[in-house]
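[1] Kindly return the folded structure for what I paste below:
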Amino acid sequence: MKYNKIISVLKKAEPVLDNAEELTDRIMQKVERMPIGIRQNHIIRIAGIISGVAASLLICLFAYETLKFSVSPAVNYSEREFLGTTSLSKTHSQKIAELDIKEKGEIIETAIKSKKAQRMRKEQLKFSLSLLNIE
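    A predicted model of the protein is given here:
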């Protein structure tokens, strides 16, 4: 109740200005400073637009390179590495030249899987040997 009375009295009362000139000067100084902040915001907006455009161009470039120049796993291996990992004979090496990229990729994929399986067996063997040595 008292709170409502106080608020109503304050609303009806007019503000008292002791030094109107000083208040006007302070307001004018703040108004004069505002364009600097606006310029900074303008520069930040321009920098944001430029960086957005640059990021978009990079994404488009990466997408273009990925779609235009797709690389299969067979291309990354030289023929010597290719023959060494698959352990093929000379007759098979002549046939490799006739294979297309997809078929070569499948052969390399199976060779990589067998290498991983061999590595896993070796690790399991080492682990079981280490368990035997502990006991």
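[2] any weak-confidence spans in the protein?
    Applying pLDDT under 70 to the chain picks out residues 15-17, 32-39, 70-94, 134-135.
[3] for it, what's the longest helix?
    helix 20-68 (DSSP state H).
[4] Could you tell me how far that one lies from the centre of the chain?
    24 Å (Cα atoms, centre = their mean, to the nearest Å).
[5] Could you chop this structure up by domain?
    36-70, 72-135 (automatic domain parsing).
[6] Could you measure from Leu61 over to Lys113?
    34 Å (Cβ to Cβ, to the nearest Å). Heads up, the C-betas are built off the backbone N, CA and C, glycines and all.
[7] swap in Lys104?
    15 Å.
[8] the more surrounded of the two?
    Between Lys104 and Lys113, counted using other Cβ atoms under 10 Å, the more crowded position is Lys104 (20 against 10).
[9] my read: the more buried one touches Glu98, true?
    No: contact criterion Cβ atoms under 8 Å: Lys104 and Glu98 do not qualify, at 10.3 Å.
[10] Next, the buried residues of stretch 107-116.
    Ile107, Ile108, Ala111 (16 or more other Cβ atoms under 10 Å).
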